[in-house]
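K.L.:
need a 3D model of the sequence below.
(one chain, ligands or ions: 1)
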Amino acid sequence: METIVTETTWFAACRVEDVVENGGVCVKYENQQIALFYFTRRNEWYATQNECPHRKQMALSRGLLGSTDDDLKVACPFHKKTFSIRTGECLSGDECSLETFPVKVENGIVYIQVPLNN
Ligand code: FES
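P.N.:
Okay, the predicted model is just below:
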């Protein structure tokens, strides 16, 4: 079986204080828009593609955030399709999902790990 290795890089997306508490912002890496979310009470950060796969709207950073005991979700502001922020899975029963990205915080800077374009 062939193993496919994808090279990645961490890029500095913003400062911690640039992101509203329990909210999201859109950051850009090259030509890609990424939705960055901060769940303040849990002190957890997540990143997904900003484009909603339903109708290709760049909107998820402005989506409605919610949580259950074991998952965090975002609802697109256009037609309310809902996605798991952790896994990217569509929770509205559709055959579409989000790309997700690892996030880390160091010295007040938020970094997102993205694949390198070859
Ligand atoms: S464009 Fe997001 S739910 Fe339709």
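K.L.:
hey, let's count contacts and neighbours off CA atoms from now on
P.N.:
Noted.
K.L.:
can you give me the buried ones in the helix or strand bottoming out on mean pLDDT in the chain?
P.N.:
Within the chain, confidence by mean pLDDT, DSSP states H and E is lowest for strand 64-67 among all helices and strands, at a mean of 91. For strand 64-67, a neighbour-count test (16 or more other C-alpha atoms under 10 Å) marks 64-65 as buried.
K.L.:
before we move on, what about stretch 69-89?
P.N.:
Neighbour counts over stretch 69-89 (16+ other C-alpha under 10 Å) mark 72-77, 81-89 as buried.
K.L.:
and what of stretch 28-39?
P.N.:
For stretch 28-39, a neighbour-count test (16+ other C-alpha under 10 Å) marks 33-39 as buried.
K.L.:
check the offset of that stretch from the chain's centre.
P.N.:
Chain-centre distance of stretch 28-39: 6 Å, with C-alpha atoms, centre = their mean, to the nearest Å.
K.L.:
how about stretch 46-57?
P.N.:
Worked out by C-alpha atoms, centre = their mean, stretch 46-57 lies 8 Å from the chain centre.
K.L.:
list the buried ones in it?
P.N.:
46-54.
K.L.:
right, is that stretch up against the ligand?
P.N.:
Yes: residues of stretch 46-57 contacting the ligand under C-alpha under 6 Å from any ligand atom: 52, 54-57.
K.L.:
could you dump stretch 63-80 to PDB, C-alpha only?
P.N.:
Extracted in PDB, the C-alpha atoms of stretch 63-80 (Å, rounded to 0.1, in the frame of the first residue of the first chain):
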ATOM      1  CA  GLY A  63     -21.900  31.200  11.600                       C
ATOM      2  CA  LEU A  64     -23.800  30.500  14.700                       C
ATOM      3  CA  LEU A  65     -21.700  28.500  17.200                       C
ATOM      4  CA  GLY A  66     -23.100  25.900  19.500                       C
ATOM      5  CA  SER A  67     -21.900  23.000  21.700                       C
ATOM      6  CA  THR A  68     -23.100  19.800  23.200                       C
ATOM      7  CA  ASP A  69     -21.300  17.700  25.800                       C
ATOM      8  CA  ASP A  70     -19.100  16.000  23.200                       C
ATOM      9  CA  ASP A  71     -19.200  18.200  20.100                       C
ATOM     10  CA  LEU A  72     -18.900  21.800  18.900                       C
ATOM     11  CA  LYS A  73     -20.800  23.000  15.900                       C
ATOM     12  CA  VAL A  74     -21.300  25.900  13.500                       C
ATOM     13  CA  ALA A  75     -24.400  26.700  11.600                       C
ATOM     14  CA  CYS A  76     -24.000  28.500   8.300                       C
ATOM     15  CA  PRO A  77     -25.800  31.800   8.300                       C
ATOM     16  CA  PHE A  78     -27.300  31.200   4.900                       C
ATOM     17  CA  HIS A  79     -29.400  28.000   5.000                       C
ATOM     18  CA  LYS A  80     -28.400  26.800   8.500                       C
END
